[in-house]
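**Q** Sequence and computational prediction follow.
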Amino acid sequence: MARQFNTSAFPAALGAIVLAACTAGSAEDGMPEAEDASAAQTAEATATQEPSCFLQGATVADAEGRPSPLRQVRFEYGDGGEGLLCHGAPSARGRDIMGGLVPYGELWRAGANESTALHLSAPASIGGVAVEAGSYSIYTIPGESSWQVFVNSNFQRWGIPISDAVRATEIGSFTVTPETTATPVETLTYRFEGGAVVMEWANTRLRIPIG
């Protein structure tokens, strides 16, 4: 079920990750004690902020006006965990998608623009890959009969290239079987349903269990 976050449930670590993703600059070493106290208060306030999507050189308004606009899905999982999924949403526009625009057997960011990302407030299993509370990117290798899905700790980046340096921070991967949609889906969509993130585009549906 998609719901608003209870922001107080998010750990300080996740708040710090999100602040780093959205704010330029950092504090200098050797901060005076008075500034230490101020910084501590700021960090405490940040820990209760609702997480937001990492954007590279763009505002949320900019990203929502792109040809492949920013989309956000908020959901609850497991025993009270709260999640945010961020992705760029391309449209088919008459193109062949799976096996065409999205080649089989090649790495795909599972969206457009920045990496497709998951922000999680509590430990979780993503397709059987155990992760702590925090932020992750996901990407895939599509196939006609099976897809490999990768979980990565590097989410603050443009979605491509998925280079060797990016892959060096992979946490794990799993395989899922694609389904066929009843009717074509023009624009890439994600939703949370039945304990899984569900991706649909063109004639393909993919279920990524999260619990």
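**A** Perfect, thanks for sending it. Predicted, not measured: the structure shown is a model, and the values here were computed from it.
**Q** From start to finish, how long is stretch 151-167 in a straight line?
**A** Length of stretch 151-167, first residue to last, Cα to Cα, to the nearest Å: 10 Å.
**Q** cool, and stretch 54-68?
**A** End-to-end for stretch 54-68, by Cα to Cα: 15 Å.
**Q** mind listing what's buried in that stretch?
**A** Phe54, Leu55, Ala63, Ser68 (16 or more other Cβ atoms under 10 Å). Every C-beta, even on glycine, is put in place using the N, C-alpha and C of the backbone.
**Q** The first one belongs to a helix?
**A** No. Inclusion of Phe54 in a helix is not indicated when DSSP: H, G, I helix; E, B strand; the rest coil is applied; the result is coil.
**Q** so it makes contact with Thr116?
**A** No. Counting by Cβ atoms under 8 Å, Phe54 sits too far from Thr116 to count as a contact (10.9 Å).
**Q** Between these two, which contacts overlap?
**A** Cys86 (Cβ atoms under 8 Å, 6 or more residues apart in numbering).
**Q** pLDDT added to the buried residues of stretch 54-68, as CSV?
**A** Formatted as CSV, the buried residues of stretch 54-68 follow (pLDDT from 0 to 100):
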residue, pLDDT
Phe54, 97
Leu55, 98
Ala63, 97
Ser68, 98
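**Q** okay, those residues in a markdown table with distance to Cys86 next?
**A** A markdown table is the format used below for the buried residues of stretch 54-68 (distance: Cβ to Cβ, whole Å):
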| residue | distance to Cys86 |
| --- | --- |
| Phe54 | 7 |
| Leu55 | 9 |
| Ala63 | 9 |
| Ser68 | 13 |
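**Q** which of those sit farthest apart?
**A** Phe54 and Ser68 (15.7 Å; Cβ to Cβ).
**Q** do you know how far the residue sitting nearest the centre point of the chain is from Asn203?
**A** Taking Cα atoms, centre = their mean as the criterion, Ala117 is the residue nearest the geometric centre of the chain, at 1.2 Å. Per Cβ to Cβ, to the nearest Å, Ala117 is found 25 Å from Asn203.
**Q** didn't Phe155 look like it was pressed against Val131?
**A** No. In this structure Phe155 lies outside contact range of Val131 using Cβ under 8 Å: 11.8 Å.
**Q** Does Asp62 belong to a helix, a strand or coil?
**A** From three-state DSSP, the assignment for Asp62 is helix.
**Q** Actually, Met199.
**A** Going by three-state DSSP: Met199 is strand.
**Q** was I right about it contacting Tyr190?
**A** Yes. With contact defined as Cβ under 8 Å, Met199 counts as touching Tyr190 (5.4 Å).
**Q** dump the residue contacts of the residue nearest to the centre of the chain.
**A** Going by Cβ under 8 Å, 6+ apart, the list of residues near Ala117 reads Cys53, Phe54, Leu85, Cys86, His87, Ser135, Tyr136, Ser137, Ile138, Phe155.
**Q** So the last one: helix, strand or coil?
**A** Yep, that's Phe155 we're talking about. coil.
**Q** roughly how far apart are it and Tyr136?
**A** In terms of Cβ to Cβ, Phe155 sits 6 Å off from Tyr136.
**Q** Sounds good, over and out.
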